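Peer 1: Pasting the sequence and the predicted model now:
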Amino acid sequence: MILILVGYMASGKSTLGRILAEKLDYDFLDLDDYIEDQEQASISSIFKNKGEIYFRKAETKYLKELLETKTDLILSLGGGTPCYSNNMQIILDAPNANSVYLKASIPTLVNRLKGEKGKRPLVAHIKTDEELTEFIGKHLFERSPFYSQANVVLPTDNKTTKEIIEELNSKLF
């Protein structure tokens with residue numbers, strides 16, 4: 001089985017994915033890391049040198065490739081992946097996959113992102129918490145309809161990693 005984690009940046013996809021993979025003895029893969037390995041370039045470099053359209057096509061190509069794997073896998077997607085190129089439908093149509101939307105509120109995301117803006121190129125330019133709140137709110141408004149199509153919607157606010165994993169286990173296994 002492939003467990004696909006979707007959600008906004010800082011929703012916990014990579015952190016929870018790694019822990020869950022270890023607990024279940026699954027492989028873990030971050031789609032962005034896989035793309036960088038396959039393309040031999042960083043995501044920001046791909047955007048800069050080849051453009052977003054090239055990146056989005058590559059993203060879909062590699063997503064499809066990974067969905068064909070027979071390995072038990074936890075796959076963490078980039079925040080935008082489900083929103084482009086019919087990717088969410090591709091995920092939902094995959095016979096061996098379950099998708100989970102790690103749903104965090106705007107205040108939770110702002111709190112997580114404000115301390116790590118330097119590591120997140122998409123929000124690095126944002127100066128104030130108010131601007132960050134507005135930016136995230138706009139993105140979530142656009143992206144939530146895609147994320148919400150996941151097989152499981154799992155609210156994560158005010159929950160420990162352990163609680164989230166236990167809840168996920170009870171819903172999926």
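Peer 2: Sure, I can see it.

Peer 1: what's near enough to touch the spatially most central residue of the chain?
Peer 2: The centre of the chain sits closest to Leu77, judged by C-alpha atoms, centre = their mean, with a distance of 3.4 Å. Each residue near Leu77 by C-beta atoms under 8 Å, 6 or more residues apart in numbering is listed here: 4-6, 13, 31, 63. All C-beta spots, glycine's among them, are computed from the backbone N, C-alpha and C.

Peer 1: ok, now Ala41?
Peer 2: Ala41 makes contacts with Asn49, as judged by C-beta under 8 Å, 6+ apart.

Peer 1: go on, Leu113?
Peer 2: With C-beta under 8 Å, 6+ apart, Leu113 has these contacts: 9-10, 120, 123, 132, 136.

Peer 1: Where is the longest strand in the protein?
Peer 2: strand 97-103 (DSSP state E).

Peer 1: strands paired with that strand, and their directions?
Peer 2: strand 2-6 (parallel), strand 152-155 (parallel) (DSSP bridges).

Peer 1: Please identify the deepest-packed of these.
Peer 2: strand 2-6 (a mean of 26; mean count of other C-beta atoms under 10 Å).

Peer 1: quick one: contacts of it?
Peer 2: Residues contacting strand 2-6 (C-beta under 8 Å, 6+ apart): 13, 16-17, 20, 26, 66-67, 69, 72-77, 81-82, 88, 91, 94, 96-102, 146-147, 150, 172.

Peer 1: Dump that strand to PDB, restricted to CA.
Peer 2: Extracted C-alpha coordinates of strand 2-6, given in PDB (Å, rounded to 0.1, in the frame of the first residue of the first chain):
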ATOM      1  CA  ILE A   2       1.000   3.600  -0.600                       C
ATOM      2  CA  LEU A   3      -0.100   6.200   2.000                       C
ATOM      3  CA  ILE A   4       0.000   9.700   0.500                       C
ATOM      4  CA  LEU A   5       0.200  12.700   2.800                       C
ATOM      5  CA  VAL A   6      -1.200  15.900   1.500                       C
END
